[in-house]
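[1] Next one to model:
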Amino acid sequence: MKTFRDLKLLFMSRKRVITNNIKYNIASQIVGFVVGLMLFPFIVSHVGKEVYGAYLLVTTCIGYFGVLDFGVGAAIPKYIAEFTGKNDLKGAGKIINSSLFFYTIVGIFVAICLVILSFCFDRIFHISSGDVAVMRQLFWVAALASLFIWPGRTFDSVLYGLQRFDWLAISNIVATILTGISAYFIFTYHLGMVWFVALFYVFIILRCLVSYIIVRYHILKTPIPFPYFDKETSKMIFGFSFFLFFSSLLSLFIFNFDSFVIGAFASVSAVTLYSVGYSLQNGFRSINSFIIGPILPASAKLEGEQKEALQKELLFKGTKYVTMIFVPGVIITIIFAKLFINNWMGPGFEESILPAQVLIAFWIFGNTINVGASLATAKGHVKAFFKINLLNALLNVGLSLVLVRPLGILGVVLGTTIPMILIDFSLSLYQIVTIMKVSFKDFFNVAIKKNLLVYLFTIIVSVAALKVFQPANVFLTILQMGIVYSIVMLGSFYLFLSPKEREEVLFMVKF
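    Next up is the predicted model:
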């Protein structure tokens, strides 16, 4: 029988796995961002705006086919982690086999659609006659790649469920760097965009192949028959994934609807002003996903192991540490918004400052419930959250239409933010404490209360920094914001964490 100390060490090691996975996730994203930032001007300078625009149109069309995932990419990690937690490799194998069969069908369908598009795209888009052949070949390459990449998603998702973010990060970083190197030689020797896209997809396919080898021969070591269809397993997967899928569509609808309302009732130029705030909140959404992503498979594994005490500990400590890291960044951005937007966008964007501040303020609340939402999702409670998202979307539509005429952009932003706080945050928090069988008082006292001092400290340091120095360009502004964030994190570590918590944090951040 395990002692309390053994359980504490077990939980500490699992939190260390989560924090390491977050670091792997962020490292992979940073490499992708840097390489993409360098490749963009390099490729445009060699192929021209027309050809690169054709490439963007093709990738945009491919991106829309992503909805055919139907949330299966989120269901696989949940069930793989849960079944491995139960030590049920047979059940995990059924999830892999059923998902592989589904993704293969989707890959074939997407390939057929892309081939059809290759013969009619020039009737939709204004493409110069000299670039029609290039764009058609891009569609053909993408169609062929879809036959392999869609099934390959299965094994990336399995590694996600097994919490092997190290393998995912390494393979993704290698593929990204190889793409950058190949781009240099391809465009230096004038081989063209088709060769670049072909090699780009080859590296993705090789990455998926590596994931397959790791899953098949090194971790689960389970047979993968094909074709395979199991009615009950598919019913279980889609019974979970459809609600996640529709919830994600609702989230996408909310912000896209805002743009349409502003364009229809305010002006097209106002859409650009709104996009400033949307871009900032979307950045926080991405950062939030990097941090929260590894928590879902960890939660699902705990669910499979039926370790409720550790799940509650993860809820309290996870929320405390995640919000302590994330929310100060939101507060700093709100306080620096005027200086940042003026230096980033230049004159003429003053009207976007207040809407941007209001829009990103939601993340103070949204990030607070994300660990709990991951735990609830791992337990299979997705239907209730879908209903909350639906109610949130309906209220967003109504408020945005009512407030846009008297308040313009700010009215639409308020129409989005108010339901997110009153409906999404409040009802989701109620669901979380109910599902996790904890009281709101305990959740507040352990996970939130002391962090309020961190938020106050963030406000004081941010305001003081602006009083001392206001940089004249966006790069110095970002640097100053980074310095403020570093001071807040360092100060919070020593001022607002107990010695035991500091020891715990130091243990987790080590590789």
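[2] For stretch 140-160, buried residues please.
    Residues of stretch 140-160 classed as buried by neighbour count (16 or more other Cβ atoms under 10 Å): 140-146, 148-160. Backbone N, C-alpha and C define where each C-beta goes, glycine included.
[3] before we move on, what about stretch 190-200?
    192-200.
[4] where in the stretch 401-511 of the chain is pLDDT low?
    The model of the stretch 401-511 of the chain has pLDDT under 70 over residues 510-511.
[5] show me where it has helices.
    For the stretch 401-511 of the chain, the helices defined by DSSP state H, counting those that start in this stretch cover 409-419, 426-435, 440-443, 451-468, 474-495, 499-509.
[6] what's the shortest one in contact with?
    By that I understand helix 440-443. For helix 440-443, contacts defined as Cβ atoms under 8 Å, 6 or more residues apart in numbering pick out 315-316, 319, 429, 432-433.
[7] List the buried residues of it.
    Buried, per 16+ other Cβ under 10 Å, within helix 440-443: Phe443.
[8] Geometric centre of the protein: which residue is closest?
    Ser289 (3.6 Å; Cα atoms, centre = their mean).
[9] List the buried residues of the one helix or strand that residue maps to.
    Ser289 is part of helix 268-292, with elements assigned from DSSP states H and E. Using 16+ other Cβ under 10 Å as the test for burial, helix 268-292 gives 270-271, 273-278, 280-281, 284, 287-288, 290-292.
[10] What distance do you get for Ile287 to Phe33?
    12 Å (Cβ to Cβ, to the nearest Å).
[11] Please apply the same query to Gln281.
    Distance from Gln281 to Phe33, by Cβ to Cβ: 18 Å.
[12] can you give me the mean pLDDT across the longest helix seen in the chain?
    Counting by DSSP state H, the longest helix found in the chain is helix 4-64. What helix 4-64 shows for mean pLDDT is 73.
[13] tell me the angle that helix makes with helix 268-292.
    Note on geometry: by axes from the mean of the first three to the mean of the last three Cα atoms, to 10 degrees, helix 4-64 and helix 268-292 are set 150 degrees apart in direction.
[14] And helix 4-64, what does it pack against?
    Helix 4-64 is packed against helix 89-118, helix 129-161, helix 165-188, helix 193-213, helix 268-292, helix 295-305, helix 308-345, helix 499-509, with contacts defined by 3 or more Cβ pairs under 8 Å, 6 or more residues apart in numbering; DSSP states H and E.
[15] For burial, what's the neighbour tally of Lys467?
    Lys467: 8 surrounding residues under other Cβ atoms under 10 Å.
[16] got the domain boundaries for this structure?
    Domain segmentation of the chain under automatic domain parsing yields 4-229, 251-509.
[17] what stretches of the stretch 201-350 of the chain score poorly on pLDDT?
    Using pLDDT under 70, the flagged stretches of the stretch 201-350 of the chain are 255.
[18] change it to 90
    Low-confidence segments of the stretch 201-350 of the chain, defined by pLDDT under 90: 211-311, 313-314, 343-350.
[19] Next, the buried residues of stretch 172-182.
    172-173, 175-176, 178-180, 182.
[20] for stretch 100-107, same thing?
    100-104, 106-107.
[21] I'd like those residues as TSV, with pLDDT and distance to Gly491 appended.
    Putting the buried residues of stretch 100-107 into TSV (pLDDT from 0 to 100; distance: Cβ to Cβ, whole Å) gives the following:
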residue	pLDDT	distance to Gly491
Leu100	90	50
Phe101	91	53
Phe102	92	50
Tyr103	93	48
Thr104	93	53
Val106	93	50
Gly107	93	51
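[22] which of the residues you listed lies closest to Leu490?
    Tyr103 (45.4 Å; Cβ to Cβ).
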